[in-house]
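Novice: my questions concern the predicted model and sequence given below.
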Amino acid sequence: MSSSTTTTSSPTDSSNGSLAVSYGTLPPLVTGANSQKPFTLSERLNFEIYSYSSYSPNYLPENVLVDCPNDQTSRWSAYTNSPPQFLTLKLKRPAVVKKIKFGKFEKSHVCNIKKFRVFGGLKDEHMVLLLEAGLKNDNIPEVFNLRCMTEDGSENLPLLYLKIVPLLSWGPSFNFSIWYIELHGQDDPMYTCARMKSYNTLRETEIIKLCLKHFRQQGYMKAFGALQEQTNVRLEHPLISELHKYLVVQGNFERAELFIAECIEDGLMDEYLHKQDYKHAWQMKHTESEMKPGNRGGHQLVVDAKKRLIYLYGGWDGYQDLSDLWVYKIEVDEWTLLCERSELTNGPSPRSCHKMIFDPISENIFMLGRYLDNSIRTSDYIKSDFYLYDTRSRNWMQICDDTSQVGGPQLVYDHQMCIDADKRTVYVFGGKILTPRSATSSVEPEYSGLFSYHIATNTWTQILVDCHHASAAQADIMSIKSRITHCMVFHNKQRKLYIYGGQRGKEDLDELLTYDVDTQAISVLNKDHSHQGNTSTSEAKFEPSSGYTLRATIDCDRDEIYIFSSLNKVKDRRDVHPVEPSNSFWVYSLRTHKWSRIYYCRHSAQDVNSINKANVLGTNKSDGSLEPCPRYAHQLVYDELAKTHYLFGGNPGIFQYQQLRLDDFWLLNLEKPKREEILKHCRYLIRKLRYEEMVRTDPLKALQYLRQHVSEVIDHTDAEQLDKFHKLASLLFKSHESCQDSAMSPKSANMMCVETEGYEASAEDMAKEVMDLAVAENVSMESNESLTTSGISETASSPSGSSCTKLAGTESSCEQQNRRAFLFNKLVQLMPASMVQPERNLSDFVVI
């Protein structure tokens, strides 16, 4: 590691619009409690280069202090791309750092860092992760929000050191380069001193709690009591201490079980349940209707949640565009044809790749856009017609024959539409603009920007132009990189548009954008937060792949965005690559800013026979249930009242049958684990430990307890739970083999030996006998210790990992205490973190 330098960044104006604190304008401070208000403004922070891993000649670390985007040598470049490579910055004084800005070269560069992490702390050897993100390979500076709060969010996190760790460059074989860095936050002592004091107090309290936890686990109760009395720091909430008394100290399993049941009933585990992933269940809808929509893709669905109706219009059946309008009545499970040919009743012509939205206030459907084959793209025919369907009078009306003539978008397809019902505004973003056919095919595609349509005044407004539009260079014109195959939803409470993914030419866009419709502020969400979820090793990041055909919905009450990802479209072709098709369903939490993948299922390469065999276009999974086969050009809508998704039709992407389209109709339910499930799981854990203790002292009593009490919290249809039950039953035979052990009373030992004399059956036979008794009693439960159903983590430390000082007990009592403490630690992980002991252990910080 190189020695530190003392060069300091110059206090030039920031280009990201942050404000500097002007002390002359601050109001005078008034003495008294709570009279001093913390600063709310952010200023640029001074720092120096403290250390670095390496550098190439002429590409010194100090270069990041100066912003020279037109100088190719004005950058820090590592000597190698072999990890770990890093650049550590030291602030002038402790500060709360809120943002980091990366400057760039004037054009894209292979050495730009595609992925990096930022760590920070008050000491250079003890840092925590503040950010994991990546830079775009362009010339636009990027600003990222840094984590500036403690883990529990209660205090600001003061820093003195920041460590930037590049992980991947845009050119995989090239060294990492950073061109320029700015830090923004607050380092004024009037602000940071109070934060440092609060932070140090919080750290001291955490240290004391770690000591208390260690003393109690090791049985140093005098030290535990003395430390708690002297510091007046409580290890946990009194309720949790009560559980420890019942379970660990007294071994009163029945009272502990009742206590857990009361905690669950009082909602103390609701926070844990809410954090668990949804369980999904697909159900194919076999409607009773004599008539129903036929095979199609590129159609549209909208939901009238209040009246329990779903409307479907148009699409491509493999041979022609359609203009039929259908309604599905959710309550009676029935399709009704409203218009077979809408163009005959003043409605739109046959079309696909259009977009529709439903206005819940007027109960009208608005429709815009369509795809036209190149052969019919003439100047007279390319018009962006705009239609309305009145669901109450069941009449079509053309609002405008060409929106481009009244300030609206040109004719587009693969765009997105949303409605702000409260403000009577429709938003249209993206899509390719259809232009008259040309003799040459080298014409660059044009993309549409962001438009709004005000329903009450029947007026269009262009809000953002595409970044390549001729007017985008003007200073007073706001622009955005437009796209196709993206998702867009509107949050009616936050009043924001959320745009995810998409493609532009050969570029995949994986960003999650937000646009505030009131302030016109644009921000990128998934570049500021690390991702979280369950995924296979074949996927590098925990978010939906932007190269897939995505469908998105939103639940504004839950603050969640749902994305269904299916077949991958091969660029510049109308077919789909058949290799390894898959389905996956994702949830993005707007509260935690994290992705979670609900399920992921690969399918073997599809053909028409395998699809037809799989029960009407469904695909059989390993557990025998059905789910939709992978597809694109399908439609997915969400009933926010019933919390249910509906999927219809699409293109299965079979290369040999390019005209094949689907007509299957599916319902998707998402459910969080319930209180009943977590209660049964906790009961199993407690009864399992009680049974294991009984086996050591009274095997006959343990056998009866296994039959009557443990068995009733076992799901006898679950193979995993049965296997664990068999292993529990086998403990009886381990006890029998040591029936003369001094730990067992002679009477119990003799009775066990007599009971099993001449019985040479295996543990599996004994387990089967116990199971037969249990089945005869009709005992079952929905979930047990199966991780896939309960969501219980197995990451806690094993009881063998802790020690017990044997000053006042035998080795067996020590082991018993360890097992009880292990179960206690496992149970309290399900409680709110603010109520329980620290998750970490004091021993974690001692390495010998």
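Specialist: Perfect, I can see it now.

Novice: okay, now residue 473: neighbour count?
Specialist: 10 (other CB atoms under 10 Å). Bear in mind the C-beta positions are built from the backbone N, C-alpha and C, glycine included.

Novice: and the one 3 residues further on, by the same measure?
Specialist: For residue 476, the count of nearby residues is 5 (other CB under 10 Å).

Novice: how close does it sit to residue 461?
Specialist: 15 Å (CB to CB, to the nearest Å).

Novice: same check, this time on residue 214
Specialist: 64 Å.

Novice: in the helix or strand harbouring residue 336, what's buried?
Specialist: Element membership for residue 336, per DSSP states H and E: strand 334-339. Across strand 334-339, burial judged by 16 or more other CB atoms under 10 Å covers 335, 338-339.

Novice: show me which of those is closest to residue 731.
Specialist: Nearest to residue 731 among those is residue 335, at 58.0 Å by CB to CB.

Novice: quick check: beta-bridge partners of residue 326?
Specialist: Taking DSSP bridges as the rule, residue 326 bridges to residue 312, residue 337.

Novice: now do the contacts for it.
Specialist: 292-293, 311-313, 335-338 (CB atoms under 8 Å, 6 or more residues apart in numbering).

Novice: helices of the chain, start to end?
Specialist: 189-218, 221-231, 238-244, 253-265, 270-275, 608-613, 675-697, 699-705, 719-737, 746-755, 763-776, 787-790, 811-828 (DSSP state H).

Novice: for the ones you listed, give me CSV that also has mean pLDDT, mean neighbour count and distance to residue 582.
Specialist: Supplementary listing: the helices of the chain in CSV, determined by pLDDT from 0 to 100; neighbours: other CB atoms under 10 Å; distance: least, CB to CB, whole Å:
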stretch, mean pLDDT, mean neighbour count, distance to residue 582
helix 189-218, 89, 17, 44
helix 221-231, 94, 13, 53
helix 238-244, 95, 16, 43
helix 253-265, 96, 17, 37
helix 270-275, 92, 14, 26
helix 608-613, 53, 14, 15
helix 675-697, 94, 19, 28
helix 699-705, 91, 18, 46
helix 719-737, 79, 17, 25
helix 746-755, 44, 14, 54
helix 763-776, 45, 15, 38
helix 787-790, 34, 14, 19
helix 811-828, 87, 18, 35
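
Novice: any idea which of these gets closest to residue 402?
Specialist: helix 608-613 (40.8 Å).

Novice: how many neighbours does residue 329 have?
Specialist: Quick note: residue 329 (other CB under 10 Å) scores 15 neighbours.

Novice: what's the distance between residue 130 and residue 96?
Specialist: 12 Å.

Novice: check residue 693 too.
Specialist: 51 Å.

Novice: tally of neighbours for the closest residue to residue 513 other than its chain neighbours?
Specialist: In space, and not counting its chain neighbours, residue 513 is closest to residue 499: 4.3 Å by CB to CB, 6 or more residues apart in numbering. Using other CB under 10 Å, residue 499 has 25 neighbouring residues.

Novice: by how many degrees do the longest strand anywhere in the chain and helix 189-218 diverge?
Specialist: Ranked by number of residues, the top strand in the chain under DSSP state E is strand 87-103. Relative orientation of strand 87-103 versus helix 189-218 (axes from the mean of the first three to the mean of the last three CA atoms, to 10 degrees): 120 degrees.

Novice: buried ones in strand 87-103, by neighbour count?
Specialist: 87-91, 94-103.

Novice: what's near enough to touch residue 111?
Specialist: Residue 111 touches 75, 77, 169-171, 174-177, counting by CB under 8 Å, 6+ apart.

Novice: weed out the non-buried ones from these.
Specialist: Of the contacts of residue 111, these count as buried by 16+ other CB under 10 Å: 75, 77, 169-170, 175-177.

Novice: out of the residues you listed, the closest to residue 55 would be?
Specialist: residue 77 (6.6 Å).

Novice: tell me how far that closest one lies from residue 175.
Specialist: 5 Å.

Novice: return every residue with contacts to both of the two.
Specialist: With CB under 8 Å, 6+ apart as the test, residue 77 and residue 175 both reach 56, 111.

Novice: tally of neighbours for residue 602?
Specialist: 12.

Novice: is it bridged to anything, and to what?
Specialist: With DSSP bridges as the rule, residue 602 is bridged to residue 582.

Novice: shouldn't residue 640 be in contact with residue 562?
Specialist: No: taking contacts as CB atoms under 8 Å, residue 640 lies outside contact range of residue 562: 10.9 Å.

Novice: common neighbours of the two, please.
Specialist: residue 555.

Novice: these two: which is more packed in?
Specialist: residue 562 (23 against 14).

Novice: separation between the nearest residue to that one once chain neighbours are set aside and residue 523?
Specialist: Excluding the flanking residues, the one nearest residue 562 by CB to CB, 6+ apart is residue 553, at 4.8 Å. Look at residue 553 and residue 523: by CB to CB, they are 21 Å apart.

Novice: just give the nearest non-adjacent residue to residue 516, would you?
Specialist: Nearest to residue 516 is residue 496, by CB to CB, 6+ apart, at 5.3 Å.

Novice: check what pLDDT the one you found gets.
Specialist: If you check residue 496, the pLDDT there is 96.

Novice: so it makes contact with residue 514?
Specialist: Yes: using CB under 8 Å, residue 496 is in contact with residue 514, at 5.0 Å.

Novice: more crowded one of the two?
Specialist: Per other CB under 10 Å, whichever of residue 496 and residue 514 has more neighbours is residue 496, with 20 against 16.

Novice: return the distance of the more buried one relative to residue 509.
Specialist: Applying CB to CB to residue 496 and residue 509 gives a distance of 18 Å.
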